[in-house]
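> model this:
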Amino acid sequence: MSTASVVPETRGLSGEDAWATLRRTGRRRLLVDAFGRMRVSDGFSHARSLAFMTSLVAVQGVIAMVGLASAIGGSGFSDVVASTVRGAVPGPAGQALTAALSHAHANGSRHQYAALVFGTIGTLVTATTAFGQLERGLNRLYGVEQDRPSIQKYGRAFVLAITVGTTVALAFVSLALGRDVLVKVAAGAPSTIWNGVRWPAGLVLIGAAVTILLRTCPRRMQPRLSWLAFGSGIAVTGWVVVTVALGIFFRASRSFGQTYGPLAGMVALMLWAMLAAMVLIYGAAVAAQLEAVRHGDSQPQDVEKVAESEPDSQPSNVPHPVGAT
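Now for the predicted structure:
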């Protein structure tokens, strides 16, 4: 896979420097160049791999929730899980995931602990693999050709699977749990307050998760959060647009379900995961390109093609730090 040109590390620069660079470059120019950086670093291939793992995480996570709901007993918790999935994942994709809950109720609780154990283990394994794949994709955006050693890479990915994964799960709960679900638990003022804060709270949690990933995944010294804020905002905005647009499309389209039949749910899940992965990696490309522009690299290049055209030049795989000016 190809790698974009190296982005030198930015140290000692404040948030004002980041926004000054953004104003000087222009948002439109930066977004176009970031797309070029994503393309030359094979970002779409990394997004497809990440989407596949994300789909597995979703399925394994629902299996774990099925086991937990069966272990707790009663239909209340299962209804909350089902409503959360339907609200967070658009259209047939959410229906495909909640079908597992219906199957669990129909077949009783004979395998409740097996579903809980294997679902939890499967979720952690697939989420760890997904974050490892994300590190590889973000490294290529920044021009870093070598990932961390395997133990460090997947050890870090495992920690992210627990921390960031929990943050994303809480964000989904916040965004998906509406008035109809909460009224089963509380009524009156608590329900009104919840409906007023759940969307801002969910978006803040998603933004925090994305920022943590942009800060910790690449194998380099990342800049201050202000240098990552614009890229993180692009990723969160893109995720909201993708989720809402697909939800509207699935509700309005009758031919989608007729075309794919029983596979409509899984196709919808894969489509949503792929588009969500693309906007995440694109947001990281925006952050990387902003930092590259600060060092005069306005046109990202494929380092392999540069090496082929200039045999005597050897591109560096390790960014060189640049001090404040």
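
> so after the helix or strand of the chain with the lowest mean pLDDT, what's the next helix or strand?
Using mean pLDDT, DSSP states H and E, the weakest-scoring helix or strand in the chain turns out to be helix 179-182, at a mean of 48. For helix 179-182, the following helix or strand on the C-terminal side (DSSP states H and E) is helix 189-216.

> Can you list the buried residues in that following helix?
Of the residues in helix 189-216, 191, 194, 198, 201-203, 205-216 count as buried by neighbour count, 16 or more other CB atoms under 10 Å. The C-beta positions use only the backbone N, C-alpha and C, and glycine is treated the same way.

> Mind checking the pLDDT average for that helix?
For helix 189-216, the mean pLDDT works out to 81.

> Report the separation between A245 and M65.
26 Å (CB to CB, to the nearest Å).

> The two - which one has more neighbours?
For the pair A245 and M65, the greater number of neighbours falls to M65 (28 against 12), based on other CB atoms under 10 Å.

> quick check, that one in a helix?
Yes: M65 sits within a helix when classified using DSSP: H, G, I helix; E, B strand; the rest coil.

> Report pLDDT for it.
Looking at M65, the pLDDT reads 74.

> Does it touch G119 like I think?
Yes: taking contacts as CB atoms under 8 Å, M65 lies within contact range of G119: 7.4 Å.

> in the chain, which segments are predicted with low confidence?
Within the chain, the stretches with pLDDT under 70 are 1, 12-15, 69-112, 176-192, 194-195, 257, 262, 297-325.

> how about the host helix or strand of D33: buried residues?
Using DSSP H and E, D33 maps to helix 27-40. For helix 27-40, a neighbour-count test (16+ other CB under 10 Å) marks 30-31, 33-38, 40 as buried.

> quick one, helices of this protein?
15-25, 27-40, 43-72, 76-88, 91-106, 112-141, 150-176, 179-182, 189-216, 225-252, 255-260, 264-294, 303-309 (DSSP state H).

> Could you measure from the nearest residue to P218 once chain neighbours are set aside over to E16?
Excluding the flanking residues, the one nearest P218 by CB to CB, 6 or more residues apart in numbering is L138, at 4.6 Å. Using CB to CB, L138 is found at 25 Å from E16.

> Of these two, which one has the most company?
Remark: of L138 and E16, L138 carries more neighbours, 28 against 9, as counted by other CB under 10 Å.

> tell me the contacts of that one?
By CB atoms under 8 Å, 6 or more residues apart in numbering, the contact set of L138 is 213-214, 217-218, 281, 284, 288.

> what does V57 give?
Applying CB under 8 Å, 6+ apart, the residues near V57 are 123, 126-127, 130, 165.

> Tell me how far the closest residue to T120 other than its chain neighbours lies from V125.
The spatial neighbour of T120 that comes closest, neighbours along the chain excluded (CB to CB, 6+ apart), is A64 at 4.6 Å. Per CB to CB, A64 is found 12 Å from V125.

> more crowded one of the two?
Neighbours around A64 and V125, counted as other CB under 10 Å, are more numerous at A64. The numbers are 20 against 16.

> so the more buried one touches G119, yeah?
Yes: if you go by CB under 8 Å, A64 and G119 touch, sitting 3.1 Å apart.

> and the gap between N139 and R148?
9 Å.

> Counting neighbours, go ahead and name the busier of the two.
The neighbour count for N139 versus R148, taken as other CB under 10 Å, is higher for N139 (24 against 19).

> Is it correct that the more buried one is in contact with Q222?
No: if you go by CB under 8 Å, N139 and Q222 don't touch, sitting 11.8 Å apart.

> quick one: contacts for the nearest residue to A288 once chain neighbours are set aside?
Nearest in space to A288, with sequence neighbours left out and distances taken as CB to CB, 6+ apart, is L141 at 4.7 Å. L141 makes contact with 4, 7, 37-38, 41, 43, 218, 281, 284-285, 288 under the criterion CB under 8 Å, 6+ apart.

> And L141, how close does it get to F249?
For L141, the distance to F249 - CB to CB - is 29 Å.

> repeat for L263
17 Å.

> what do you get for T3?
Relative to F249, and taking CB to CB, T3 is found at 35 Å.

> These two: which is more packed in?
T3 (21 against 14).

> List phi and psi for the more buried one.
Main-chain dihedrals, T3, degrees, to the nearest 10: phi -130, psi 140.

> wait, what's in contact with the closest residue to it other than its chain neighbours?
Among residues not flanking T3 along the chain, R140 sits closest, at 4.7 Å (CB to CB, 6+ apart). For R140, the contacting residues are 1-4, 41-43, 46, by CB under 8 Å, 6+ apart.

> Weed out the non-buried ones from those.
Here, 16+ other CB under 10 Å leaves 2-4, 41-43, 46 buried among the contacts of R140.
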